[in-house]
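# Sequence and predicted structure below; questions after.
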Amino acid sequence: MNNNSLIFFMLTILLTLQSLSAQPVHRRLFYYHPLTNAMPAEGEQITNTDGKFISTTGWKATNTNSQLKIELSRLIPFKGTLMVDVSNFDPAHQATNLKHQIINLYSVIHPSNNKNLFQTDNAWWNIRTYHEYSLGEGLAGFRFQAAPNHIDSRTTDDVMLEAIWDSTRTYTFKVTWTHNNIYCFVDDELISTLPHEDQIRAYKIILLGRDNLIWGYCGQPGPVYSNLRIYIEGDPKPDAGPPKVESVAVTCVNKVYASFNKALDQQSAEHLDNYSITPEIKILKSNLLKDLKTVELQTTAHRLNRSYSLTIQNLKDRLDIADVLEDTTIGYQFTREFIVDGISRKNYTTKAKQIGDPVYSDRPYLITLLPETLNQLTWIETANNDKDLFGSEFISFYVNKSVALYVAYDARYTDSLPTWLLPWQETNMTIESEDTSYKIYKKEYHPGTITLGANKGGTSSSMYLILMDDYTDNISPSPPEIIGVTKSIALQ
């Protein structure tokens, strides 16, 4: 290589490096959406026309009329980067003789939805496919065009005309704009650079698939779009990092609310395998609420005043999907107040009982055997002197929650139960005292007034016992405005 050739080669390398170094890198996340659902952020509008959300993949353009319109709640600054992942993309076989819009960003959309958009003072850029953007059979590229200030500022570039696309791959399309230039990348490879001077209005509206024009600008059927994000100038936000659990609240027996410090990616937030509760409570469903920071877990029944541990993993930040929550365990209790009121027998009161406590209010007999299921439940403490009374309306009382009501009846006389007790479910549990054994019968009641009949016993029998458990309460109150009814305590 002679000196002139060497100098030319070095100049070429230098100019290339300068060109690459001139391309801006935007690092501060401005917006993110997984595109696996239509859930908008506050103030945002999302409209799906003839497309399909796939919960595990993204939004799919199913035909030439498909369009996903996202109108942001804030204007994008005049320097920014838009990125979106696209799979099932093969314009060589999906494009027809129509011009197909792929990715569009506009400052406004003309209300008449026609080419008047191009004749007004707006800014826009888009990526479009067409059967003529090709240099051979099975090959296809696209047109990249931008107009930062009126139609007269539009420039275009037909690129990748010899590309072979793999529909099983996911490609990342990226467009970065500044006050001077706009750049198009595919998988971080610079494909095109166009002028972008004097942008007249800030961008705000994203269209995936069909444009809002009526003269032949359709959507390309087939592509699946996901992980839409916009970056702007500045360092990453101070709260960058995985989401953190702020509190756990249990507002009824079968609903737990976990509150986080930032908006969550819906797909990870609603994945059941990302949660577990011990002692074992089965999680039936997970819902991300509208604030995007609160997850509602629908579960099987919790027990009152019992301690539980909720383990959460693999949750992603809606604003930065690279940050993933590692295993985090939070302790909590179901302590919602259970009220028994209006007891018609004036000498009867409520108590929580365990082994060693008295059975009655008027006898010294102590409990010697109590099933774990019935330990520390709420009792209405009866009086043994009432054992020989008759009637179908012996006692009434009010409960504010649905309950499983247990009546423990003297096991020596269960072959002649009172009529009111006959429909109740016989369990395989027993309670024992220093006086006798009791067989347990169960019935479920909704909130309201409960009436029980008399014991119908004899002088040698013992009075029945009344226990109740609110674990069957599945009437869910509205979620609190601010989650944190029961503040969580991280396990050490």
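Perfect, thanks for sending it. Numbers count the residues shown, from 1 in each chain.
# pLDDT below threshold where in the stretch 301-450 of the chain?
Low-confidence segments of the stretch 301-450 of the chain, defined by pLDDT under 70: 319-322, 335-337.
# Mind doing that once more with 80?
Scanning the stretch 301-450 of the chain for pLDDT under 80 picks out the ranges 304-305, 318-326, 333-339, 341-342, 398, 400-402, 446-449.
# same deal with the stretch 1-150 of the chain?
Those would be 1-23, 41-43, 55-56, 97, 109-121, if you go by pLDDT under 80 across the stretch 1-150 of the chain.
# Please, where are all the helices along it?
3-22, 91-94, 116-119 (DSSP state H, counting those that start in this stretch).
# which parts of the second one are buried?
By neighbour count with 16 or more other Cβ atoms under 10 Å, helix 91-94 contains the buried residues 91-92, 94. No exception for glycine: its C-beta is placed from N, CA and C like everyone else's.
# Among those residues, which one lies nearest to Phe390?
Closest approach to Phe390 among the buried residues of helix 91-94 (Cβ to Cβ): Gln94, at 82.7 Å.
# tell me the contacts of the closest one?
By Cβ atoms under 8 Å, 6 or more residues apart in numbering, the contact list for Gln94 reads 100, 129, 220-223.
# Could you save the residues you listed as CSV and add columns showing distance to Gly331 and neighbour count?
Output for the contacts of Gln94, formatted as CSV (distance: Cβ to Cβ, whole Å; neighbours: other Cβ atoms under 10 Å):
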residue, distance to Gly331, neighbour count
His100, 54, 28
Thr129, 54, 26
Gln220, 51, 26
Pro221, 51, 20
Gly222, 49, 20
Pro223, 46, 27
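# any idea how far the spatially most central residue of the chain is from Asn274?
Centroid check for the chain by Cα atoms, centre = their mean gives Leu288 as the closest residue, at 2.6 Å. According to Cβ to Cβ, to the nearest Å, Leu288 and Asn274 sit 12 Å apart.
# next one: Tyr406
In terms of Cβ to Cβ, Tyr406 sits 37 Å off from Asn274.
# Over to Thr449?
42 Å.
# So for these two, which sits in the more crowded spot?
Asn274 (18 against 12; other Cβ atoms under 10 Å).
# what's the nearest residue to that one if we skip its chain neighbours?
Nearest non-adjacent residue to Asn274, counting by Cβ to Cβ, 6 or more residues apart in numbering: Asn314, 4.8 Å away.
# how about that neighbour, what does it touch?
In this structure, Asn314 makes contact with 268, 271, 273-274, 324-325, judged by Cβ under 8 Å, 6+ apart.
# How many residues are close by the closest residue in space to Gly141 that isn't next to it in sequence?
Spatial nearest neighbour of Gly141, excluding adjacent residues (Cβ to Cβ, 6+ apart): Met160 at 3.5 Å. Met160 has 21 neighbours, counted by other Cβ under 10 Å.
# again with Glu71
The number of residues packed near Glu71 is 17, by other Cβ under 10 Å.
# Contacts only, for it.
44-46, 204-206.
# on that earlier part again, check whether the residue nearest to the centre of the chain really touches Gln267, as I assumed.
No. Assessed by Cβ atoms under 8 Å, Leu288 is found out of contact with Gln267, at 9.3 Å.
# Ser55 - nearest residue in space that isn't next to it in sequence?
Closest residue in space to Ser55, ignoring its immediate chain neighbours: Thr36 at 5.3 Å, by Cβ to Cβ, 6+ apart.
# Outline the domain layout of this structure.
Following automatic domain parsing, the chain resolves into domains at 23-232, 245-336, 340-472.
# Tell me the one of the contacts of Glu71 nearest Tyr171?
Ile206 (17.6 Å).
# Which strand residues bridge the closest residue to that closest one other than its chain neighbours?
Nearest non-adjacent residue to Ile206, counting by Cβ to Cβ, 6+ apart: Ile70, 4.3 Å away. With DSSP bridges as the criterion, Ile70 is bridged to Ile46, Ile206.
# Helices along the stretch 151-300 of the chain, start to end?
Per DSSP H, counting those that start in this stretch, the stretch 151-300 of the chain carries helices over the ranges 266-269.
# where does it dip in pLDDT?
212-217, 236-241, 246-247, 249-253, 263, 289-292.
# give me that answer again for 50
Across the stretch 151-300 of the chain, nothing is flagged by pLDDT under 50.
# For stretch 436-447, which residues meet the burial criterion?
The neighbour-count check on stretch 436-447 (16+ other Cβ under 10 Å) flags 436, 438-441 as buried.
# just stretch 398-414 next, same as before
399, 401-410, 413.
# Now those residues in CSV, please, with extra columns for distance to Gly80 and secondary structure.
Below are these laid out as CSV (distance: Cβ to Cβ, whole Å; DSSP: H, G, I helix; E, B strand; the rest coil):
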residue, distance to Gly80, secondary structure
Val399, 59, strand
Lys401, 53, coil
Ser402, 54, coil
Val403, 58, strand
Ala404, 58, strand
Leu405, 63, strand
Tyr406, 65, strand
Val407, 69, strand
Ala408, 71, strand
Tyr409, 74, strand
Asp410, 79, strand
Tyr413, 82, helix
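# Redo those residues as a markdown table? Include distance to Ala258.
Below are the buried residues of stretch 398-414 laid out as a markdown table (distance: Cβ to Cβ, whole Å):
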| residue | distance to Ala258 |
| --- | --- |
| Val399 | 29 |
| Lys401 | 23 |
| Ser402 | 24 |
| Val403 | 27 |
| Ala404 | 27 |
| Leu405 | 32 |
| Tyr406 | 32 |
| Val407 | 38 |
| Ala408 | 38 |
| Tyr409 | 42 |
| Asp410 | 46 |
| Tyr413 | 50 |
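# Farthest-apart pair in the residues you listed, please.
So, those by Cβ to Cβ: farthest apart are Lys401 and Tyr413, at 31.3 Å.
# which stretches of the stretch 1-150 of the chain form strands?
For the stretch 1-150 of the chain, applying DSSP state E, counting those that start in this stretch gives strands covering 28-33, 45-49, 51-54, 58-61, 67-71, 80-87, 99-106, 124-129, 142-147.
# so how far is the third one from its chain's centroid?
Between the mean C-alpha point of strand 51-54 and the mean C-alpha point of its chain there is a distance of 18 Å (Cα atoms, centre = their mean, to the nearest Å).
# Sheet-wise, list the partners of it with their directions.
Strand 51-54 pairs in its sheet with strand 58-61 (antiparallel), by DSSP bridges.
# what sits up against the partner strand?
Counting by Cβ under 8 Å, 6+ apart, residues outside strand 58-61 touching it are 34-36, 48, 51-54, 66-68, 85, 87-88, 208-210, 219-227.
# what does stretch 355-366 give?
347-349, 351, 367-370, 375, 381-385, 433-435, 463, 465.
# How about stretch 344-351?
340, 343, 357, 361, 378-383, 386, 394-397.
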